[in-house]
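In: Below: sequence and its predicted model.
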Amino acid sequence: MSSQYPNPDILAETDWLGERLGDPTIRIVDCDEFPAYLRLHIEGAVGMKVHHYLKGEDGTHLMPPAQFEQVMSAHGIGDEHTVVAYDGMGGLYAARLWWALDYYGHARCRVLNGGFEKWFREGRPVSRLAPHVAPAAFHAGPGSDCLCSLDDVKAAIGREDTVIWDVRSRAEYTGEDPRQNQRGGHMPGAVHLEWLDLTAPPARSGLLLPADQIRGRLQALGITPDKNVYTH
């Protein structure tokens, strides 16, 4: 149950959502790539017609406020809606939408625990039909302090009150897999725990581990509530 977590309101369990299908105050958003949405999705969900990382046109980390407002409005997401985001990628894309909404001051957003796979396995309503949604009025706030700059991270290196947490794969952290980067490896002093290691098997289930297990894995790396934590 979500209630075992310190902030249960940022998760939606499948039972909770199943009881609220058709609720006009809830906007269900499929965050997978649009062709996957068209193949099958949760009944009543809208599909994202933009890239799931929601980056700005100039490659910035996040769309600027005006562009974000326009995209949310076009998907029928208004100030009055509780957004339930899900995907079939372990929660990666759904969490991105949750983070972007929270950054711009829309706190009423939940990530579906277990994502589409759990919903589908439980035999809950799915569809290939895209619902018609009217544009909604969405207003972006000024942006919160949950996004740090490169200078912020540089200044945090070596500080005892701070943890730099690298959530990439082990091979990226060690430098064995540099991907598209000119150099491989990790920031000095960064600890490593891949984001997938906080979810239950099988891989990309999107189902969070119990709260005590997550807490234990974080504490083992020194990631505790008294620390400033920079994730990347």
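Out: The structure has been received and is ready for your questions.

In: Check which residues of stretch 70-84 are buried.
Out: Residues of stretch 70-84 classed as buried: 71-73, 75-78, 81-84 (neighbour count, 16 or more other Cβ atoms under 10 Å). C-beta coordinates here come from the backbone N, C-alpha and C atoms, glycine included.

In: meant to ask about stretch 195-209, not that
Out: Within stretch 195-209, the residues that count as buried by 16+ other Cβ under 10 Å are 196, 199, 204-208.

In: same thing with stretch 50-57?
Out: Residues of stretch 50-57 classed as buried: 52, 54 (neighbour count, 16+ other Cβ under 10 Å).

In: Show me what that stretch is in contact with.
Out: 31-33, 61-64, 67-68, 71, 87, 93, 96-97, 100 (Cβ atoms under 8 Å, 6 or more residues apart in numbering).

In: Quick check: phi and psi on residue 11?
Out: The phi/psi pair for residue 11 (degrees, to the nearest 10) reads phi -120, psi 150.

In: Only whichever of the contacts of stretch 50-57 are buried, select them in ChimeraX.
Out: Per 16+ other Cβ under 10 Å, the buried members of these correspond to this ChimeraX selection:
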select :31,32,33,62,63,68,71,87,93,96,97,100
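
In: So which of the contacts of stretch 50-57 belong to helices?
Out: 67-68, 71, 93, 96-97, 100 (DSSP state H).

In: from these, which single one is nearest residue 23?
Out: residue 97 (18.8 Å; Cβ to Cβ).

In: hang on, isn't the closest one packed against residue 31?
Out: Yes - the pair formed by residue 97 and residue 31 meets the contact definition of Cβ atoms under 8 Å, at 5.4 Å.

In: Can you check which residues contact both of those two?
Out: Counting by Cβ under 8 Å, 6+ apart, the contacts common to residue 97 and residue 31 are 48, 52, 85.
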